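Visitor: The sequence isn't on hand, but the structure is:
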């Protein structure tokens, strides 16, 4: 990174420094690999002794640290949220690093009927079809395919080998990581005369503002109308979103989530890794689903579900406790079976004596 003074960092992160505002910081680092010239952050001061051996030159700390005599030789940067201050600094440093070659590469194939905004960059061997519209400052990396009538807003990043098929819409500040596919045909077939017949998928995909779609995720176009991803939603690697799915704002789909068609997912929903959702259901706002759960029915707003099939978390955990006790319970059951068999061999009076302890 380009060296930054403590005074520059305080302006970028809206923090207050303890001293030495001209000290130069040359690297962002974690607590584990802190070194001279580096800056890191601590969210809690429960273990202040860790600062004694911290080799960083500066550290973001909570405002409460102002009232403590902490054993650190470097500079403190005080803030309500040290992690967020560090993220702001990361964003600034990241923005200074040029990740693409500006301009249009000579090997790019761009239709004369495509419309590119100001300061658009297009990488080598990318194809942009007729009717496509690319917003200002958007970067399309090498080997991408942008289909007919696709609309991409401003300040987008489309990384290598992304495919965005015809008629799809990506709004502003959208990031699509390498290898993602947007607008493939939905998995729609009808069985007739002993064969599966393809149902044309004539809808599109609409991606809201500030959405990030990570590597090798696939979002299918709608059968009719649109598959919709709401503003600020984040979709992890290898996620499959089926046709006519709607996802609200600020939701998260972690790695290998699979969502079957015509599912309505609300705002602020979290689907942990490898969650599977059957189609034609509703997941309410702020619902959470634990990893590797299989969801067969709709989930009310604000609820946490877990398991296969998914159920309210408390109920699922009770079942897990019982399952762990099954070996012990099975031994007791075998003992009971043996005692019952022995009783059956006895006469009535013999059973009575046995039961009475004679």
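Guide: Received it, and whenever you're ready, just let me know what you need. From a predicted model like this one, the values you see are computed outputs, not experimental measurements. Residues are numbered from 1 along each chain as shown.
Visitor: Contacts only, for residue 160.
Guide: Contact analysis of residue 160 by C-beta atoms under 8 Å, 6 or more residues apart in numbering lists 123, 141-144, 178-179. Any C-beta I mention is one placed from the backbone N, CA and C, and that applies to glycine too.
Visitor: one more time with 7 Å, if that's ok
Guide: By C-beta atoms under 7 Å, 6 or more residues apart in numbering, the residues touching residue 160 are 141-144, 178.
Visitor: Out of the residues you listed, which is nearest to residue 272?
Guide: When the contacts of residue 160 are compared for distance to residue 272 (C-beta to C-beta), residue 178 wins out at 23.4 Å.
Visitor: The nearest residue to the closest one once chain neighbours are set aside: how many residues sit nearby?
Guide: Leaving aside its chain neighbours, residue 178 sits nearest to residue 159 (4.4 Å; criterion: C-beta to C-beta, 6 or more residues apart in numbering). Residues within reach of residue 159, counting by other C-beta atoms under 10 Å, total 23.
Visitor: now swap in residue 192 and tell me
Guide: By other C-beta under 10 Å, the residues close to residue 192 number 8.
Visitor: can you check residue 152 too?
Guide: Residue 152 has 26 nearby residues by other C-beta under 10 Å.
Visitor: quick one: the helices in this protein?
Guide: For the chain, helices defined by DSSP state H occupy the ranges 6-13, 82-96, 313-345, 348-356.
Visitor: I'd like to know which of these is closest to residue 191.
Guide: Within these, the stretch nearest residue 191 is helix 313-345; the backing value is 35.3 Å (C-beta to C-beta).
Visitor: Does anything pack onto that closest one? Which helices or strands?
Guide: Here helix 313-345 touches strand 304-306, going by 3 or more C-beta pairs under 7 Å, 6 or more residues apart in numbering; DSSP states H and E.
Visitor: Neighbouring strands of the strand it packs on in the sheet, and parallel or not?
Guide: Its sheet considered, strand 304-306 pairs with strand 288-289 (parallel), strand 311-312 (antiparallel) by DSSP bridges.
Visitor: OK, contacts around residue 161?
Guide: Residues near residue 161 by C-beta under 7 Å, 6+ apart: 143-144, 178-179.
Visitor: so how far is residue 307 from the residue nearest to residue 270 when sequence neighbours are not counted?
Guide: Distance criterion C-beta to C-beta, 6+ apart; nearest residue to residue 270, sequence neighbours excluded, is residue 288 at 4.6 Å. Per C-beta to C-beta, to the nearest Å, residue 288 is found 13 Å from residue 307.
Visitor: any idea of the pLDDT on residue 350?
Guide: Among the per-residue scores, residue 350 holds a pLDDT of 69.
Visitor: try the one 4 residues further on
Guide: At residue 354, the predicted lDDT confidence score is 65.
Visitor: correct me, but residue 263 touches residue 275?
Guide: No. Between residue 263 and residue 275 there is no contact under C-beta atoms under 7 Å: 11.6 Å.
Visitor: For those two, work out which one has more neighbours and name it.
Guide: The neighbour count for residue 263 versus residue 275, taken as other C-beta under 10 Å, is higher for residue 275 (26 against 21).
Visitor: Single out the most deeply packed of the helices of the chain.
Guide: Highest mean neighbour count among the helices of the chain (mean count of other C-beta atoms under 10 Å): helix 6-13, with a mean of 18.
Visitor: which residues are contacting that one?
Guide: Residues contacting helix 6-13 (C-beta under 7 Å, 6+ apart): 16-17, 20-23, 25, 58, 75, 77, 79, 85, 88-89, 92.
Visitor: partner residues bridging residue 169?
Guide: Following DSSP bridges, residue 169 is listed with bridge partners residue 151, residue 206.
Visitor: Distance-wise, check it relative to residue 340.
Guide: Residue 169 sits 70 Å away from residue 340, going by C-beta to C-beta.
Visitor: ok so, going back, can I assume the residue nearest to residue 178 is in contact with residue 139?
Guide: No. Using C-beta under 7 Å, residue 159 makes no contact with residue 139, being 8.7 Å away.
Visitor: what is in contact with those two at once?
Guide: If you check residue 159 and residue 139 against C-beta under 7 Å, 6+ apart, no residue is contacted by both.
Visitor: Next, count neighbours for residue 294.
Guide: Neighbourhood size, residue 294 [other C-beta under 10 Å]: 15.
Visitor: In the record's domain split, what are the boundaries for the chain?
Guide: As assigned by automatic domain parsing, the chain contains the domains 4-96, 162-309, 321-356.
Visitor: winner for burial among the ones you listed?
Guide: Comparing these by mean count of other C-beta under 10 Å gives domain 162-309 as most buried, with a mean of 19.
Visitor: Can you pull out the low-pLDDT segments for the stretch 201-350 of the chain?
Guide: Across the stretch 201-350 of the chain, residues meeting the criterion (pLDDT under 70) sit at 349-350.
Visitor: go with 50
Guide: The model of the stretch 201-350 of the chain has no residue with pLDDT under 50.
Visitor: Can you tell me the closest non-neighbouring residue to residue 191?
Guide: residue 197 (7.5 Å).
Visitor: you'd agree the one you found is up against residue 189?
Guide: Yes. Residue 197 is within contact range of residue 189, at 6.3 Å (criterion: C-beta under 7 Å).
Visitor: And the spatially closest residue to residue 266 that is not a sequence neighbour, how far from residue 248?
Guide: Once flanking residues are discounted, residue 266 sits nearest to residue 285: 3.8 Å by C-beta to C-beta, 6+ apart. As for residue 285, its distance to residue 248 is 7 Å (criterion: C-beta to C-beta).
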